[in-house]
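Chemist: model the following, please.
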Amino acid sequence: MIGVELFAGAGGMATGAVMAGIDVKLAIESDSCAAQTYLANHKNTTVVIDDIQNIKEYKFERNGDQVILFGGPPCQGYSYSNRKTRTAKNPKNWLFKEFIRSIMLVDPDWIVIENVPGLKKMDNGFFLKAICDDLRNLEYTPNVKILNAIDFGVPQKRERIFIVASKHGIAFDFPIGEFVNKPITVSEALFDLPFLQNGSMKPKLKYRTKAVSEYAKSLRGNKKIVTQNYVTKNSDVIVNRYSHINQGNNWRDIPVELMENYKDHTRCHSSIYRRLSENEPAVIIANYRKSMLIHPTEDRGLSVREAARLQSFPDHYNFIGSLDQKQQQVGNAVPPLLAKAIFKKIIEYSE
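Modeler: Residues are numbered from 1 along each chain as shown. The predicted structure is shown next:
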């Protein structure tokens, strides 16, 4: 099966597609750093760096294979955490129309659209209904479900909504995760990685130990060196705040006198200054730098590699750009193991 990806980002969905056995021929991404990351890790894919609105034709060899068109239109407007733009007036919320236009150009056998769960309720379901209506008008059969990444072996509580549509009238039965009620924990994901300091910028280090779990072993592969051990440099004031927070807790553990620079610290979001629990999956890491997500046992933020581990990226996957850009690419990505489960099920229907 051949894959074409829109709004490709750094390649989380494509990584899952390749894991499932899909040959991703073409990807469209407007952000140059994310596109460079994609190309560096998917060397057999042609990556077009351009705004999707400028794309008038998709050229790739089909060779008689079925084609799957997949991607996630920008989701800032749908996100529960983005209250200011969660309306129909946000132009980014209409980029799904470009996805629909691309369907008409590509004429794929399958379509996979992913987004944040807020899409389901935004404007009383207007956008979700509009997408599904457009797919039906193109004679596709849309199927919708919210899946949680922890059920599919990702050590992170992260829900995504998926719209899977078949051109051949197939009512798609979404996969059931193998890790329901037995999730991978933070310690299983991270505790073979090296000890780091606040502000670490070590491009290469040795692993701390042998792989501590099957999960870590699967992502390490044959690698002997850990790359991209990059951690945001926080001020002494922030590191001092970190030291007061117990695993699983947040800013509420910080003494009041250390929060005096906040106009009203009692209004902080629950995700701010959250220390991960080593014996549980991670909370969502979408904006892990800005929310100051804390390592479970060290008084610092997460490294790029640690965040990638919590997203289920293999350790050979490297991100390109400034530290902020690397962190954003990791946080914005669809967890590859979650994507893999979707694509694997589609392939089963096509065999």
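Chemist: in the chain, which helix is the longest?
Modeler: Longest helix of the chain, by residue count under DSSP state H: helix 336-350.
Chemist: show me what that helix is packed up against.
Modeler: Applying 3 or more Cβ pairs under 8 Å, 6 or more residues apart in numbering; DSSP states H and E, one finds that helix 336-350 contacts helix 12-20, strand 110-115, strand 141-148, strand 159-166. Glycine gets a C-beta too; all of them are placed from N, C-alpha and C.
Chemist: relative to Val239, which of those is closest?
Modeler: Proximity to Val239 (Cβ to Cβ) singles out helix 12-20 among the helices and strands packed on helix 336-350, at 30.3 Å.
Chemist: next structured bit after the closest one?
Modeler: Next helix or strand after helix 12-20 toward the C-terminus (DSSP states H and E): strand 23-29.
Chemist: I'd like the next helix or strand past that following strand.
Modeler: helix 32-41.
Chemist: make CSV from the helices and strands packed on helix 336-350 and add distance to Glu57 to it.
Modeler: Output for the helices and strands packed on helix 336-350, formatted as CSV (distance: least, Cβ to Cβ, whole Å):
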stretch, distance to Glu57
helix 12-20, 21
strand 110-115, 18
strand 141-148, 25
strand 159-166, 22
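Chemist: which positions in the helix or strand bottoming out on mean pLDDT in the chain come out as buried?
Modeler: Ranked by mean pLDDT, DSSP states H and E, the helix or strand of the chain with the weakest confidence is helix 126-137, at a mean of 90. By 16 or more other Cβ atoms under 10 Å, the buried positions in helix 126-137 come out as 127-128, 130-132, 134-135.
Chemist: now do that helix: everything it contacts.
Modeler: For helix 126-137, contacts defined as Cβ atoms under 8 Å, 6 or more residues apart in numbering pick out 78, 88, 93, 96-97, 100, 103, 111, 113, 119-120, 122, 141-142, 144, 161, 163, 165.
Chemist: and for stretch 220-237?
Modeler: Contacts for stretch 220-237 (Cβ under 8 Å, 6+ apart): 192-194, 196-207, 211, 242, 258, 261, 289, 292, 300-305, 308, 314-316, 318-319, 323, 326-327.
Chemist: low-confidence ranges in the stretch 1-150 of the chain?
Modeler: Applying pLDDT under 70 to the stretch 1-150 of the chain picks out residues 75-94.
Chemist: list the residues that contact Trp251.
Modeler: By Cβ under 8 Å, 6+ apart, Trp251 lies in contact with 241, 245, 259, 265, 268, 272-273.
Chemist: show me what contacts the nearest residue to it once chain neighbours are set aside?
Modeler: Spatially, and ignoring its direct neighbours in sequence, Trp251 is nearest to Tyr273 (4.1 Å; Cβ to Cβ, 6 or more residues apart in numbering). Contacts were defined as Cβ under 8 Å, 6+ apart; by that measure Tyr273 touches 241-242, 245, 250-251, 254, 291-292, 294.
Chemist: among these, which has the minimum pLDDT value?
Modeler: Here the lowest pLDDT out of those sits on Ser291, with 75.
Chemist: does it count as helix, strand or coil?
Modeler: coil (DSSP: H, G, I helix; E, B strand; the rest coil).
Chemist: Ala282 versus the closest residue to it other than its chain neighbours, what's the distance?
Modeler: Closest residue to Ser291 apart from its sequence neighbours, by Cβ to Cβ, 6+ apart: Ser271 at 4.8 Å. Using Cβ to Cβ, to the nearest Å, we find Ser271 at a distance of 11 Å from Ala282.
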